[in-house]
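Enquirer: kindly return the folded structure for what I paste below:
(chains A and B)
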Protein chains: 2
Amino acid sequence: MIRLHVNQALEAGAEIVPEAAQAHYLTNVMRLQAGEALLLFNGRDGEWRAVLAEAGKRRCRLVVQALTRPQSAPPDLELAIALVKRARLETIVEKAAELGCRRVRLVLTRRTNADHAKTGRLQAIAAEASEQTGRLDVPEVCEPVKLERLLDAWPEGRRLMFCDEAGDDPDEQWGGDAGRARPALSLLSSAPSPEGRGQAWTVLIGPEGGFDPAERQRLRSLVFVTPVTLGPRILRADTAAISALTLWQAALGDWR
Amino acid sequence: MIRLHVNQALEAGAEIVPEAAQAHYLTNVMRLQAGEALLLFNGRDGEWRAVLAEAGKRRCRLVVQALTRPQSAPPDLELAIALVKRARLETIVEKAAELGCRRVRLVLTRRTNADHAKTGRLQAIAAEASEQTGRLDVPEVCEPVKLERLLDAWPEGRRLMFCDEAGDDPDEQWGGDAGRARPALSLLSSAPSPEGRGQAWTVLIGPEGGFDPAERQRLRSLVFVTPVTLGPRILRADTAAISALTLWQAALGDWR
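Expert: This is a model prediction of the structure:
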């Protein structure tokens, strides 16, 4: 059944006039007929069954009927991703929605070439992927922020999984055993409370070419950072993001 | 450093004349100069350092110098993927190479719309991804085969991880507890020998829209099949493939 994300409040009997693009999608692309049903969600009121009450050229109107699923809170998982090329960034946002992220933070690093992103377009991709994947909310896509700024304002209690493709470097002076990068699954599987289940986490993926040494040093020195490795091969940013989010969901999230 | 997959034998002193496309890539795209080094691998002889000995318009010649990494055998992991749209199939082949698959089998199912794929193009994508990801071989991309045929000729001793997006269906008559789909990580983490580590596995991903009931029934009835689930959301085929391969590598493969 068609699922649509809307902004309006949802309750039995509510009438929804969809935006022009959504009306076009319903009546022209999907060819939904008056009287046929679809599902609506807004990230707050759960998922509702609705019917297309009016499907005219000038006006499209939906009537909300009954709750199909109550709103639930997904695990508090964020993705922080360095800006990469547009096509890969769009893929990453789509996948973050499928893999249950609450929020996508776009990050500027020293080796990031781009300095802006079309967040409106990325937000629309997140909404469409959320419609298709069956979730009850849409991840927020935040405006790009510098890595230093993000770390300076790090919220109390949230952990950061730092996917460090450089892995362990025996020449590094900082960190010692505490700063060693370990295989992500081994680390997540052994995460004790309060570091593990039920805690808020952010997965951080660097740009193509990785973080620069000063960034790695700072990341590894922070108490809320857990450095991990993602296998022996070099992964592109989109693969690393999907793999890291998968391992988190499987070990600590809602795939269990 | 640039890495190239070649077909020729590699040994110290060997001279390699790259194919026209590779010569163009080296000299025109990457602007490699005579005397500069690169890495070569062929899937058999390990990885070798070579130098560009001649970079003329008419002729490009490499001389193999020294072994940088001996050939190693990756875990015996295959991906069997139902034909999906071209762009997603290309992504999947790229990711299968990054995630260490030995082979990609293209599968025709009852709900597969396409019946052929450009395997030559997919094989080239696999080679390029292998060059970038740092592996010492290139996964083989096989011609499409019907699911029934694949299962009829299943090799002794290989296990099949069946990613069943429909999950458990209480109305199903077959299977019982033995046929229940469990979270993929929980299943892989508990895999005892000989079902687990060191064994050959194939990950099977269905088409958009899933397998049809008869296909699911047959899959669940086979002793070499392990049905698993990949979380509570509907995943696109590319996401499901990357997630399943990631979990296998993390639990049983070379990410440990």
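Enquirer: isn't A:Gln22 right next to A:Leu4, touching?
Expert: Yes - assessed by C-beta atoms under 8 Å, A:Gln22 is found in contact with A:Leu4 at 6.0 Å. C-beta coordinates here come from the backbone N, C-alpha and C atoms, glycine included.
Enquirer: need the residues of the stretch 1-150 of chain A near chain B, please.
Expert: A:91, A:94-95, A:98-100, A:132-135 (C-beta under 8 Å from any C-beta of the partner chain).
Enquirer: tell me which two of those residues sit farthest apart.
Expert: The two members of the residues of the stretch 1-150 of chain A next to chain B with the most space between them (C-beta to C-beta) are A:Thr91 and A:Gly134, at 19.2 Å.
Enquirer: between A:Gln22 and A:Leu4, who's got more neighbours?
Expert: Neighbour comparison, A:Gln22 and A:Leu4: the larger count goes to A:Leu4, with 20 against 16 (by other C-beta atoms under 10 Å in any protein chain shown).
Enquirer: dihedrals phi and psi, that one?
Expert: Dihedral pair for A:Leu4: phi -130, psi 140, per degrees, to the nearest 10.
Enquirer: just to check, A:Leu187 is in contact with A:Thr229?
Expert: No - using C-beta under 8 Å, A:Leu187 is not in contact with A:Thr229; the gap is 9.2 Å.
Enquirer: and A:Met161, its phi and psi?
Expert: phi -90, psi 110.
Enquirer: run a quick neighbour tally on the residue of the stretch 51-200 of chain A found nearest chain B.
Expert: When scored by C-beta to the nearest C-beta, the stretch 51-200 of chain A has A:Leu185 as its residue closest to chain B, at 3.8 Å. Counted by other C-beta under 10 Å, the residues lying close to A:Leu185 total 27.
Enquirer: dihedrals phi and psi, A:Arg233?
Expert: phi -100, psi 160.
Enquirer: check contacts around A:Leu89.
Expert: Residues in contact with A:Leu89 (C-beta atoms under 8 Å, 6 or more residues apart in numbering or on different chains) are A:81, A:83, A:106, A:117, A:122.
Enquirer: recalculate using a threshold of 10 Å.
Expert: Counting by C-beta atoms under 10 Å, 6 or more residues apart in numbering or on different chains, A:Leu89 touches A:81-83, A:104, A:106, A:114, A:117-118, A:121-122, A:125, A:141, A:237-238, A:241.
Enquirer: before we move on, what about A:Val64?
Expert: Listed by C-beta under 10 Å, 6+ apart, the contact set of A:Val64 reads A:6, A:8-16, A:40, A:45, A:48-51.
Enquirer: now do 6 Å
Expert: Contacts here follow C-beta atoms under 6 Å, 6 or more residues apart in numbering or on different chains; on that basis A:Val64 touches A:10, A:14, A:48, A:50.
Enquirer: which one of these is nearest to chain B?
Expert: A:Trp48 (18.6 Å).
Enquirer: my guess is the closest one contacts A:Leu10, does it?
Expert: Yes - taking contacts as C-beta atoms under 6 Å, A:Trp48 lies within contact range of A:Leu10: 4.7 Å.
Enquirer: intersection of neighbour lists for the two?
Expert: Common contacts of A:Trp48 and A:Leu10 (C-beta under 6 Å, 6+ apart): A:40, A:64.
Enquirer: of those two, who's got more company?
Expert: Higher neighbour count among A:Trp48 and A:Leu10: A:Trp48, with 23 against 19, using other C-beta under 10 Å.
Enquirer: give me the pLDDT value at that one.
Expert: A:Trp48 is assigned a pLDDT of 98 by the prediction.
Enquirer: ok, A:Pro74 next?
Expert: Predicted confidence (pLDDT) for A:Pro74: 85.
Enquirer: low-confidence regions, the stretch 51-200 of chain A specifically.
Expert: Where the stretch 51-200 of chain A drops to pLDDT under 70, the residues are A:166-179, A:191-197.
Enquirer: ranges for the strands of it?
Expert: Ranges of strands in the stretch 51-200 of chain A, per DSSP state E, counting those that start in this stretch, are A:60-69, A:77-82, A:103-108, A:140-146, A:159-163, A:182-183.
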